[in-house]
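Participant: Okay, here's the prediction I keep looking at, along with the sequence it came from:
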Amino acid sequence: MKTYLVAMVSAAALLTGCASAPSMSYGEKNQAYVSYITDNKLASLKKINTFRMYGWQSLTNDYLIISTSPKKKFLVEVNGFCPDLAHAQTIAFNQSMSSSLSTRFDSISVLGGNVGDHMSKCYIQAIHQIDKAQAKEISAIGKPIEKEQG
């Protein structure tokens, strides 16, 4: 019986090891985003004029990509740690002016979570306009490289 139990535990550990792909920590990803911004000389914007949310993608608790149209994308950095942003299902923008999204004055809140949880405001520190290809490159940071089949 002990041999069977040891074999089952070993098999489970082996399968878990194979299933989990190596990944970067949030800190490593954040540093990679900073390097990407620097290497690609992404200018920092003070605000997005005529802001209307089209879509978004969380990256870490410090970064997300937002879209204002299928072609207009922005890399947004919040000021400090924003709890649960990396796994958020719903976010809200707290805007000082309804038609724009500004750094320092505007914030993002993560909605959902547990009932009674305090909803914190995560102030926007930086906004960088990116194109569709850059959004794809940034999204791929820290993810395993897919092998081509053929």
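Facilitator: Thanks, I have it.
Participant: State the pLDDT value of the spatially most central residue of the chain.
Facilitator: Most central residue of the chain, judged by C-alpha distance to the mean C-alpha position with Cα atoms, centre = their mean, is L59 at 1.3 Å. As predicted, L59 sits at a pLDDT of 95.
Participant: for it, what are its contacts?
Facilitator: In this structure, L59 makes contact with K29, Y33, I65, A86, I138, S139, I141, judged by Cβ atoms under 8 Å, 6 or more residues apart in numbering. Just so you know, the C-beta spots here come from the backbone N, C-alpha and C atoms, and that holds for glycine as well.
Participant: Could you identify which of those residues has the most neighbours?
Facilitator: Most neighbours among the contacts of L59, by other Cβ atoms under 10 Å: I138, with 23 neighbours.
Participant: Distance check, the closest residue to A92 other than its chain neighbours against Q57.
Facilitator: Computed as Cβ to Cβ, 6 or more residues apart in numbering, the closest residue to A92 that is not its neighbour in sequence is S109, at 4.8 Å. As for S109, its distance to Q57 is 17 Å (criterion: Cβ to Cβ, to the nearest Å).
Participant: With neighbour numbers in mind, choose between those two.
Facilitator: Set S109 next to Q57 and count neighbours by other Cβ under 10 Å: S109 wins out with 16 against 13.
Participant: residues contacting that one?
Facilitator: For S109, the contacting residues are I91, A92, N94, M119, S120, K121, C122, taking Cβ under 8 Å, 6+ apart as the criterion.
Participant: would you say it is within a strand?
Facilitator: Yes: assessed with DSSP: H, G, I helix; E, B strand; the rest coil, S109 lies in a strand.
Participant: the longest strand in the chain is where?
Facilitator: With secondary structure taken from DSSP state E, the chain has its longest strand at strand 121-130.
Participant: Where in this protein is the helix or strand with the lowest mean pLDDT?
Facilitator: For the chain, counting by mean pLDDT, DSSP states H and E, helix 2-19 ranks last in confidence among helices and strands (a mean of 39).
Participant: That'll do, ta.
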